[in-house]
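[1] I'd like to go over a predicted model; first the sequence, then the structure.
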Amino acid sequence: MSYKLNQLKHTAAILNKQSVLRDIVQRANSFAVLQRIVHSYLPGAAAEHCQLANYNQGRLVLVIDNAHWATRLRYQQNQLMDKLCQHNEFSDLQRIQFKIRPNTAFNDAINEQKPRLEISAQAGLAIFNCAEAIEDPHLRAALERLARNAAKE
């Protein structure tokens, strides 16, 4: 495949031509500016745990990666609002909402460390025998499924 140099278009020209892409890029750039402003007023190491999720109609939504930092920032919410309202970008700020979204890499590491619990063959047989005496069909079916997951000897 051969392209002539004059046929290639600069990325900025493409983005400026298509209004949807242009709007997305402008929104991303404005979020980056807002993120920098918010981070400049966050205490100490809180900035690395906090991400701007949305700012719309006077409501700022910040996503925090753990409950510890969310609690600390909730205590400092009024001071943070006062500082942010001094900027033109946050002139209509009325509320800050904190949401906790744990870091998935950390959760994946915890889940990998947990050993899977297995039911012994003897326990499976006891569960199956117990299921035979149960009259409720839903409970009986659940116990029978559980018994089938028992280790085979």
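    That came through, no problem.

[2] any idea how this structure splits into domains?
    Following automatic domain parsing, one finds the domains of the chain at 9-109, 115-153.

[3] just put those in CSV and tack on mean pLDDT and mean neighbour count.
    The C-beta positions use only the backbone N, C-alpha and C, and glycine is treated the same way. CSV is the format used below for the domains of the chain (pLDDT from 0 to 100; neighbours: other CB atoms under 10 Å):
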stretch, mean pLDDT, mean neighbour count
domain 9-109, 85, 13
domain 115-153, 85, 12
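
[4] so who does Gln97 touch?
    59-62 (CB atoms under 8 Å, 6 or more residues apart in numbering).

[5] which ones among these map onto strands?
    59-62 (DSSP state E).

[6] which of these sits closest to Leu93?
    Leu60 (6.0 Å; CB to CB).

[7] helix, strand or coil: sort out the closest residue to that closest one other than its chain neighbours for me.
    Nearest residue to Leu60, sequence neighbours excluded (CB to CB, 6 or more residues apart in numbering): Ile96, at 4.8 Å. Here Ile96 is recorded as strand under DSSP: H, G, I helix; E, B strand; the rest coil.

[8] use 149 as the first number from now on
    Will do, 149 is the new start, and the previous item becomes Ile244.

[9] from Asn202, how far off is Ile244?
    From Ile244 over to Asn202 the distance is 11 Å, taken as CB to CB, to the nearest Å.

[10] who touches both of the two?
    With CB under 8 Å, 6+ apart, Ile244 and Asn202 have common neighbours Leu208.

[11] so who does the residue most central in space within the chain touch?
    Centroid check for the chain by CA atoms, centre = their mean gives Arg249 as the closest residue, at 4.2 Å. Contact analysis of Arg249 by CB under 8 Å, 6+ apart lists 211-213.

[12] where along the protein do the helices fall?
    Remark: helices assigned in the chain by DSSP state H are 159-165, 167-189, 215-223, 225-232, 252-261, 269-280, 285-296.

[13] next one: the third one to chain centre, how far?
    It refers to helix 215-223. Helix 215-223 sits 17 Å away from the centroid of its parent chain (CA atoms, centre = their mean, to the nearest Å).

[14] picking that back up, quick one: the ones in strands among the contacts of Gln245 as CSV, columns for distance to Arg175 too.
    Formatted as CSV, the ones in strands among the contacts of Gln245 follow (distance: CB to CB, whole Å):
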residue, distance to Arg175
Arg207, 16
Leu208, 15
Val209, 15
Leu210, 17
